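Enquirer: Mind folding the following:
(chains A, B, C and D)
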2 protein chains.
Amino acid sequence: MAITESSKARRKTRADSIRNRERLLAAAADVFGVGDGQASLEAVARKAGVGIGTLYRHFPTREALFEAAYRHEVDQLAALAEDLAAGSDPVDALRRWMQANVRLVATKRGMVETLQLAAYGSSELKAYSSERLLTAARQLVERGVAAGVIRGDIPAEDLLRALAGILYAQTAGDWQPAALRLIDVLVDGMRAR
Amino acid sequence: MAITESSKARRKTRADSIRNRERLLAAAADVFGVGDGQASLEAVARKAGVGIGTLYRHFPTREALFEAAYRHEVDQLAALAEDLAAGSDPVDALRRWMQANVRLVATKRGMVETLQLAAYGSSELKAYSSERLLTAARQLVERGVAAGVIRGDIPAEDLLRALAGILYAQTAGDWQPAALRLIDVLVDGMRAR
DNA sequence: GGTTATACGGAGGCACCCTCCGTTTAGCAA
DNA sequence: TTGCTAAACGGAGGGTGCCTCCGTATAACC
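Expert: Residues are numbered from 1 along each chain as shown, chains lettered A, B, ... in the order given. A predicted model of the protein is given here:
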């Protein structure tokens, strides 16, 4: 067996470190989300309420921060789907989840702009996110179908594609309100009749 | 007649102003041409040997400088075609002119990168440059055809398109030597036989 | 409670952006 | 030639962002 393997038990990660990391990810999503393509790392640190040094320790490069922030948003969306699936109205749950996707796209746009179309992130990240999002969407749709309130002839894949279409077609400065309204329409159309 | 028209004779533009403007344009082409996408305006001013204030007076925005630099390169290429057309060997003239285009493309690439794909320049600039370049190319080709040393079945438009293809297909870091070699091949192929 | 590995934070050094204004100089007329 | 002055010069200065380094603080463990 490998003799170079760590022999001493690592100390548990400090609680403040975990907390700060979390704060930085949330702040990054916020700052990049406004999408003015002008995201400074110092602004992220300020928003997170941590020192710039802490930001750099957690995320040594700009790219590392963006990628982590994006992944974090995806994870949150997946978790949100879990939560919503436990709630009452399946249609409402679906609507809320799809609306939450707006934030994800905002973050992603910020990433793409700031990284200057550097083929956004790794393809591993792409695979990871599409898989998680599809699972989440499927979970919400299928519950509605089972309850008889959502039509069963629309695969979750198609719904996600439609969502992507709605979100990426919007290019105007204040695109989010329009996107939210369209999502409303889309989800209403998903009701079983 | 318009009463608002300037009534007092304007003083002639100062010689140093003209000289500095010229220097700035040349420096801008150099700095943007290296194409690391990292062109700082201070670097341009330094290279031109003028103060940063002078740069800003001549070109109030980044875009203004880039556009002027590009236009300047186009003008120089047109002028070069005139010069070469007066020289001896038509084939050699054509080769030299096409090789000079490499620098233009380098500048343009720097522009596109630095401006972050801001739909490079005005469409007026596009029209202007393609018209001038086409005229220049046609002049060189037709002289060779008239002298019987260049084949007459290739329109200048096609030659320019081929050149563009050669130049834009190159994406590696040190693409210019390869482009120059390919231009050599292309021009040799243009000989009448 | 004491020790210590970890993490924090921000000062500091550097580069760039852009503006403002005192200084210099080229053009012009006498 | 000389003097006047509009025009141009240049760089200091104030602001921001990048990233590193290291003295200080503190959570984890004994």
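
Enquirer: which parts of chain A sit against DNA strand D?
Expert: Within chain A, the residues that sit near DNA strand D (Cβ under 7 Å from any atom of the strand) are A:11-16, A:40-43, A:52-53, A:56-57, A:60-62. In this view, the C-beta of every residue, glycine as well, is placed from N, C-alpha and C.

Enquirer: Drop anything exposed from the residues you listed.
Expert: Buried subset of the residues of chain A next to DNA strand D (neighbour count, 16 or more other Cβ atoms under 10 Å in any protein chain shown): A:Leu41, A:Ala43.

Enquirer: Go through the residues of chain A next to DNA strand D and flag which are in helices.
Expert: If you go by DSSP state H, the residues of chain A next to DNA strand D have A:Ala15, A:Asp16, A:Leu41, A:Glu42, A:Ala43, A:Ile52, A:Gly53, A:Tyr56, A:Arg57, A:Arg62 in helices.

Enquirer: tell me the least confident of those residues?
Expert: Here the lowest pLDDT out of those sits on A:Arg62, with 89.

Enquirer: Ignoring the adjacent residues along the chain, who's closest to that residue?
Expert: A:Leu41 (6.7 Å; Cβ to Cβ, 6 or more residues apart in numbering or on different chains).

Enquirer: gap between the residue lying closest to A:Met190 once chain neighbours are set aside and A:Ile183?
Expert: Closest residue to A:Met190 apart from its sequence neighbours, by Cβ to Cβ, 6+ apart: A:Ile150 at 5.3 Å. To A:Ile183, A:Ile150 is 15 Å away according to Cβ to Cβ, to the nearest Å.

Enquirer: Kindly report the same for A:Ala169.
Expert: Counting by Cβ to Cβ - A:Ala169 and A:Ile183 are separated by 12 Å.

Enquirer: Please identify the helix or strand for the most centrally placed residue in chain A.
Expert: By Cα atoms, centre = their mean, chain A has its centre lying nearest to A:Glu73, at 2.7 Å. Remark: A:Glu73 resides in helix A:62-85, with elements defined by DSSP states H and E.

Enquirer: and that helix, anywhere near DNA strand C?
Expert: No - using Cβ under 7 Å from any atom of the strand, helix A:62-85 stays clear of DNA strand C, coming no nearer than 13.6 Å.

Enquirer: Same question for stretch A:29-40.
Expert: No - using Cβ under 7 Å from any atom of the strand, stretch A:29-40 never reaches DNA strand C; the gap is at least 11.4 Å.

Enquirer: So for that stretch, mean pLDDT?
Expert: For stretch A:29-40, mean pLDDT is 78.

Enquirer: May I see the buried residues of that stretch?
Expert: Going by 16+ other Cβ under 10 Å, stretch A:29-40 has these buried residues: A:Ala29, A:Asp30, A:Val31, A:Phe32, A:Gly33, A:Gly35, A:Ala39.

Enquirer: Now the last one: phi and psi?
Expert: Geometry field for A:Ala39 lists phi and psi as phi -80, psi 110, criterion degrees, to the nearest 10.

Enquirer: if we can go back for a sec, can you verify my assumption that the residue nearest to A:Met190 contacts A:Ala137?
Expert: No - using Cβ atoms under 8 Å, A:Ile150 is not in contact with A:Ala137; the gap is 11.7 Å.

Enquirer: Mutual contacts of those two, please.
Expert: Shared contacts of A:Ile150 and A:Ala137, defined by Cβ atoms under 8 Å, 6 or more residues apart in numbering or on different chains, are absent.

Enquirer: Just the helices from chain A, written as ranges.
Expert: Under DSSP H, chain A gives helices at A:15-33, A:41-48, A:52-58, A:62-85, A:90-114, A:123-147, A:156-169, A:176-189.

Enquirer: Out of the ones you listed, which is the most enclosed?
Expert: helix A:90-114 (a mean of 21; mean count of other Cβ atoms under 10 Å in any protein chain shown).
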